[in-house]
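**Student:** the following comprises the amino acid sequence and a computationally predicted model.
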Amino acid sequence: MTNLTTDQLRQLNMYSIYVDSSERNLFTLKMLLDSQKTEDILNVVQAVSGSPNRTVAASYFMRRFGMFTAMQFYNLAAYDEVWDGNNEQLHFGAKEEYGKLAVSTFASAKDWRYVEDAERRDVIKRILQDECGAVIRQIRTVTSISPLTLWENIFGFLLWQYHVLLANPGTSVEARADLNILKDDTLWEGIAPRSLFATYLKGCEPSALLNTEVRTTCCFSKDVPGLMQCGFCPLK
């Protein structure tokens, strides 16, 4: 069993990820990926978030899932650990945050494991293909939202995390290695024709893109009650 540190727990909580059980469980990742349940689940996300329609709800959920993805890469660079549970063990529940209900992620502490150097690339591929890519493909079976919008919802959080990780001497070497893997076109084979993250970065360092209109699509956060337009929005 992995013993998550106080820093890990703090970082996870900051990104709306909790290791305890949800008192108001909504669905699991396995349920979301079930073609018979995806539409109903997005309707639940729409109701909890107050989104005006399913497209906005889909984008809202992908931003929440993007926070979980960002924490995967944070823990990989900082602790050589990732979440490695099965789809039935990743829960999403309604939790009050800042006075408003939100869809939060619940991942048991026992499902985080150590990653060997030799498997690092395979682990990153799995996160992109079997988690992010699978969720994006399934969501798009019940809504017409652009896949680029959903990928950029993940990348915004990754951008910040790599800015932080690269600036820290204790994590910069590992973060640089992981970033280089993410920018490698061959890693994305079977997911996209080229590295979508490298395209997003436009040849720049993550720190150079903070507070810029780096997105090419709108994430619709401005349309969710209680949220504001994101700092990367191209519609500014």
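**Tutor:** Alright, I've got the coordinates.

**Student:** tell me which element the residue most central in space within the chain falls in.
**Tutor:** Most central in the chain under Cα atoms, centre = their mean is residue 66, positioned 1.6 Å from the mean C-alpha point. For residue 66, the host element (DSSP states H and E) is helix 54-79.

**Student:** can you name the next helix or strand after that helix?
**Tutor:** The helix or strand immediately downstream of helix 54-79 is strand 81-83, counting by DSSP H and E.

**Student:** each with direction, which strands does that following strand pair with?
**Tutor:** Strands flanking strand 81-83 in the sheet, each with its direction: strand 112-114 (antiparallel) (DSSP bridges).

**Student:** what about the partner strand, average pLDDT?
**Tutor:** Per-residue pLDDT values across strand 112-114 average out to 95.

**Student:** so how far is it off the chain centroid?
**Tutor:** For strand 112-114, the gap between its own C-alpha mean and the chain's C-alpha mean amounts to 18 Å (Cα atoms, centre = their mean, to the nearest Å).

**Student:** the helix or strand that comes right after it: which residues count as buried?
**Tutor:** Following strand 112-114 in sequence order, the next helix or strand is helix 120-126 (DSSP H and E). Under the neighbour-count criterion of 16 or more other Cβ atoms under 10 Å, helix 120-126 has 120, 123, 124, 125 buried. Placement of C-beta: from N, CA and C, glycine included.

**Student:** next, count neighbours for the nearest residue to residue 106 once chain neighbours are set aside.
**Tutor:** Closest residue in space to residue 106, ignoring its immediate chain neighbours: residue 91 at 4.2 Å, by Cβ to Cβ, 6 or more residues apart in numbering. Residue 91: 21 surrounding residues under other Cβ atoms under 10 Å.

**Student:** now swap in residue 207 and tell me
**Tutor:** The number of residues packed near residue 207 is 13, by other Cβ under 10 Å.

**Student:** many thanks, I have nothing further to ask.
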